[in-house]
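Participant: missing the sequence, but the structure's below:
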């Protein structure tokens, strides 16, 4: 008994991601080719950076020196090797790391230069692509996502089906536009209910991206 | 000419050739004892009660468009007196009593229909708040009943009880609440006032208030200047504009409220129902249309029209409450401009300008108040003293802190 | 309605929350009088015409904006960030 | 099964190879793909399709479009029943099931048609003049009768089984209407590369081209149409949306539209919605919605078989249906003649042409001769024969002589009204065009142009020219180079002369202005007589134009008759104002996905699944679902469970999720100063590593929110808000920062979603935590005293925050970890607390314990209370300015007898208290004047073994020990309570510091 308890204690602190119990790999909706592909993202590091008044350029220089990416001054995402700087409001960014490995240390390094708040667990993230991805998003996003209006690298804070989201466009994939969306963790279930209802007519394949590194 | 089943039948045999105009179309006189600015429900009711209760008949109602062209003809026709605060409850109860005798008073069938008003609650806290209100109503001599879910279900079987995001737990019912035919209210008051000699001046827009020594002595209008001993404003939605003519600023913002009507349907719902987990209220007119509405659009506007976000919010609430409405079609929607006051309650008072009387700030609850508003405003104009049931509706209450904030929403008009 | 957020671009008004008149000046500090505060909290110009008003981009960048809008027809003439306005005025 | 005896052997756009079965009033029929219900009924010789609103008169198909006032049916059955569905725009599908409405017992024999017998009394507004006596009879007798008789179809009432969607679209150009003008516009803009959305309410594009025999560039128009559609479909930035009605124009170029995705199917296709509500954002829009034909007001103009001439043409040319065997044409202009020509060409017989214009020119005479029709130039129809179907007409010729003529179709042509509805949605007023004898668009909303018939440009040539020009302009506006514009296609000539007649006078019988609402010309006269002359009075008094067709066929006639009555012109009398929607829109389409559980998003704590596993019952708390209590097997009522939970906490230890509280990270050099200004109490002196309770007011002096805020660093605070107000407080703080004091260095972000937080409360809380918090952290009472707030680690290095704060009054902590670890945290605590009987508790037990401790919560923070009211006046700093300071000090808010906060206990301990009860003095009457306050919160205390309450009462704490009545008539409650301290348990706070 004692042994079992020890084992279960060790296992029990294992993290449980934002999609757990909500979304899992598989497919749903119309059959015959998925019009929408959803990749569930987990295990990334995420933090809010806010510059002090007048200190945005300085903060940007520090981030650039450390990570090789400058903080975008407009609603854009700047991507480096393993990090993204995502505009999140005036003088405010989300810093995303592909892995949580070493992320706390990075945040500690940045903390003297701006307000840093860890948000790694605060959002559920999903990457959406597929030939019908814009038709799907048109059912919730009140923004013009036409390639000419929302360029690769553009970011928007907006809402989908009464859920506040942050969305950006990545480089095109084989089926055209690719988007990533961050959803407040607590509303991931409602977001997913909207998503499944809206994507069903196009057919949807859901996969989970491999988690990079320990969490 | 008196209206009755007999006169109707008599006229039927004469091809209805004998009916006369419901009111005269007189030329403005040079001077009146009282000028009422605004030929909407409240202004017309004020005229009727001035003439019928205070024998003041040298009165003109000045209307910039046609009689009843404002909110009296743009609302969702609900009447009720289910208020919480002592500043409000007796006033609305007086209104309810006047509604109950309105047809006989006016000799006009405004189709006052006491079919009940149910405010639904969806949580324990909301139930307790409704209980507080229901008890306050009883203390003020108003009928109220707190219903549980099963009682509501028996009355409103179509609502969503099983799959709702915010399940209906029960409701606060005022059986004497209901609805009235809005246009007929305006017409009935206009006809009754006219019959006592009040002049209805349509297409008569007030463009200025004439001041002599700090006193309001007349108005400039699109039909020429008119002098008056007393000038009474009842111009909901435009109170700020008219008050500004006398140099006054008010604790009021003008907002747009949209309303909706469906296609005509056979009877579906017998009472007025308000959703407690969103902004939505619905009833069915005698003609069969579902009449419904929601929240104000939320921004200052004089445009008498609103926008899609609120329309969609209303429809979402409709479906959340009553999923059987999905295939019912919305036939028309429109907007009215509201005097949204800073505490959500009205103002019936004198003003810092001598001779100028103010009736405003009805937010989007002005229709039900029409009779009492006219009654109490007439009392104030005639006697110079506020009517006891309207004594709380003072302009200085914002300075003294004697607010009448039913919702506890604070000094932000679009939250009331 | 569409409001062009100076940070985010043109968005549906649904993303914003309205507050009211933008140019009221809070009587700050211990010396402020109750009368001045009453005026600030309650009295409104409420114009039929050009209105400078505060909107909060709650579903977007969380910026408070000063929108210049005609209350008769909803036409918007200008939008600026409230924060930059105030700091600009102070400078 | 009846044959399609009125179907032409060839012609039309129906697919004769695809027969579709359908039924009407239970009788089976057959039509073809491409039919509407109306065309299929007419093909089968069904003329009587409905009953009118008031007199229940038999009615047939009047039109072939959305303006139809008569042919309204209940479509489908059961939960999918759709009342008031216009047969003229209902696409036929196999298995379609429709029923007539507003009749009893049957369409053919309708008892309420007896209303017709008393119709002399049922004039406009009759109900305002009667039913007044006795007063009580209105609700009991008159109104129920009226309500039953009124209304049209029956709504299903049952939950709509189909689903709906919303969608958002953006374009350079929105083209509304896919007729020749719209197609030309879409083509011109689309060829330039513009992003174009072309919407048409019909299921086929082409508009009137589908209904007319016309030529473009010397070839049948169908060829031009096919080529144009093919080209549009190949343009990548052009999107064609058929079955899509643009119903409204809103501010800043936003158009509402509804797409009928599945209405042409028996049920929507799998995974597809029935309808989709669109919000289309258009830089420019072109209204090319065509025109609606006008009827003529004459006695008997409502008998089934009286039809608009253009509609008759539609049935012949588009649907291959002859709407009558013997046709009489009654026309006021050239356009009607095309109907006679097309009917004759299709093999129908045209018995007579009654052209109300005077002397006919030779060409018309020749054409009449050619068609074999008798021509009555200057004649009118002054009556019809037939009840349920037209048998004949009475013609009065130019000399005044009358004659009867048999016919089964009377085609009526009185010119067309531009479909300018959308131009008036932004308060735009239409203007009268004397030459065209119709209203045309006046001042246009920004970004909207009007093309073709909708602009009063009634010829095909004008439509094509308008479209091409405006489409090109829209592309240029979008910054695109116009494509090389080819020549505007040539069209065959058409005659459009018109002298409209608004009504035929000097004849007897009911002449209908508004068919659906049964408004006659006499009703309009009565309105004029009684002074209801402004157009809005006319509409409201007579109900003219208020039916489901919104007066599309009636408004102008009504206006014209009023003008004639008052001796004014039509424009002097008024304009017709159209309000959205253009045609009625299903409520479901505008609600979309948001119904049932999806009405609003649900927020779930990171510990939600764990709570579910523990058997929690959940409760809605704002957007959140929170664990309310955790029943165990054998516990049959919630109170038993809650009592157990409370006792477990007070005796041992319990845990309760508090992740839902708002958490705001506040950093910056001025963070402490900022808190000074937004909270009523002081913050600058708070040491790092400590938490403090704070209260914030609205500027009007009433309490907005409360919570504990911790100082994590010199310039770093973590504020907590109540669950309900988290969003509101964030917005408020942003306001304070950005609008009031932008000069302060404050940086704020919500971290509510990042943290899973749990309250661990009870005498054994420290021991429980000791097993979870890593040993390196000293959490002893000395090292971690009450109100300590520090970062710790758990589970071997997992970052966490520990706060020693208490809502329950017990030794209590809140432990927070990153949300991914929330589930694990609960399990670890459960294991650690097992020896102490650790018990999960929900919001109910939380509420009981806070009431036992006299803490205020949502019921007290109701927006109507000041800090003084709540006994928290001492927190109000006198040394600093803060939001709400001045307004909270107003005269009426500091009066002695303002109700203030105390506790209550029942004098008879077996009695139950209820929140919402009012306090009345013992022996005093139950009247408002004796109202002393009310109970805000109640709970059963298992500690005291009786109910306890919190509330606000005049005089407050000064009256402790007094007895009053808790009066609760809505629940039949009236009990004596004693005013007591609001702290029921451990008033010394010994447990807290243990």
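Facilitator: That came in fine, so what should we check first? Remember, predicted model here, so these are calculated numbers, not experimental data. Residues are numbered from 1 along each chain as shown, chains lettered A, B, ... in the order given.

Participant: tell me how many other residues crowd residue 89.
Facilitator: In the absence of a named chain, chain A is used. By the criterion of other C-beta atoms under 10 Å in any protein chain shown, residue A:89 has 20 neighbours. Glycine gets a C-beta too; all of them are placed from N, C-alpha and C.

Participant: please go with chain D instead
Facilitator: Quick note: residue D:89 (other C-beta under 10 Å) scores 24 neighbours.

Participant: verify the stated contact: it with residue D:243.
Facilitator: No: with contact defined as C-beta atoms under 8 Å, residue D:89 and residue D:243 do not form a contacting pair (9.8 Å).

Participant: anything in contact with each of the two?
Facilitator: D:201, D:202 (C-beta atoms under 8 Å, 6 or more residues apart in numbering or on different chains).

Participant: residue contacts, residue 49?
Facilitator: Using chain A. A:59, A:63, A:71, A:92, A:93, A:94, A:95, A:110, A:114, A:115, A:116.

Participant: ah, I was thinking of chain C
Facilitator: C:70, C:71, C:72.

Participant: now that we have the residues you listed, which one has the most neighbours?
Facilitator: Busiest of these [other C-beta under 10 Å] is residue C:71, holding 23 neighbours.

Participant: return the residues of chain A in contact with chain C.
Facilitator: A:75, A:88, A:89, A:90, A:92, A:142, A:143, A:156, A:157, A:158, A:159, A:164 (C-beta under 8 Å from any C-beta of the partner chain).

Participant: inside strands: which ones of those residues?
Facilitator: Among these, the residues falling in strands (DSSP state E) are A:92, A:156, A:157, A:158, A:159, A:164.

Participant: mind listing the residues bridging to the second one?
Facilitator: Think residue A:156. residue A:167 (DSSP bridges).

Participant: so what does whichever residue of the stretch 201-350 of chain B sits closest to chain A look like in phi/psi?
Facilitator: The stretch 201-350 of chain B approaches chain A most closely through residue B:316 (9.0 Å), counting by C-beta to the nearest C-beta. Residue B:316 adopts backbone torsions of phi -60, psi -40, taken as degrees, to the nearest 10.

Participant: ok, it - contacts?
Facilitator: B:278, D:590, D:591, D:592, D:594, D:595, D:599.

Participant: I'd like to know which of these are part of helices.
Facilitator: Of the contacts of residue B:316, the ones assigned to helices by DSSP state H are D:590, D:591.

Participant: and the longest helix for chain B?
Facilitator: Longest helix in chain B, counting by DSSP H: helix B:366-383.

Participant: can you give me the mean pLDDT across that helix?
Facilitator: Mean pLDDT, helix B:366-383: 98.

Participant: which residues does the next helix-or-strand element following that helix contact?
Facilitator: Proceeding N to C from helix B:366-383, the next assigned helix or strand is helix B:397-400, under DSSP states H and E. Counting by C-beta under 8 Å, 6+ apart, helix B:397-400 makes contact with B:251, B:342-343, B:403-404, B:411, C:34-35, C:38, C:41-42, D:890-892, all of which sit outside it.

Participant: just flag the most distant two among these.
Facilitator: For those, the maximum inter-member distance is 20.8 Å, found between B:404 and C:35 (C-beta to C-beta).
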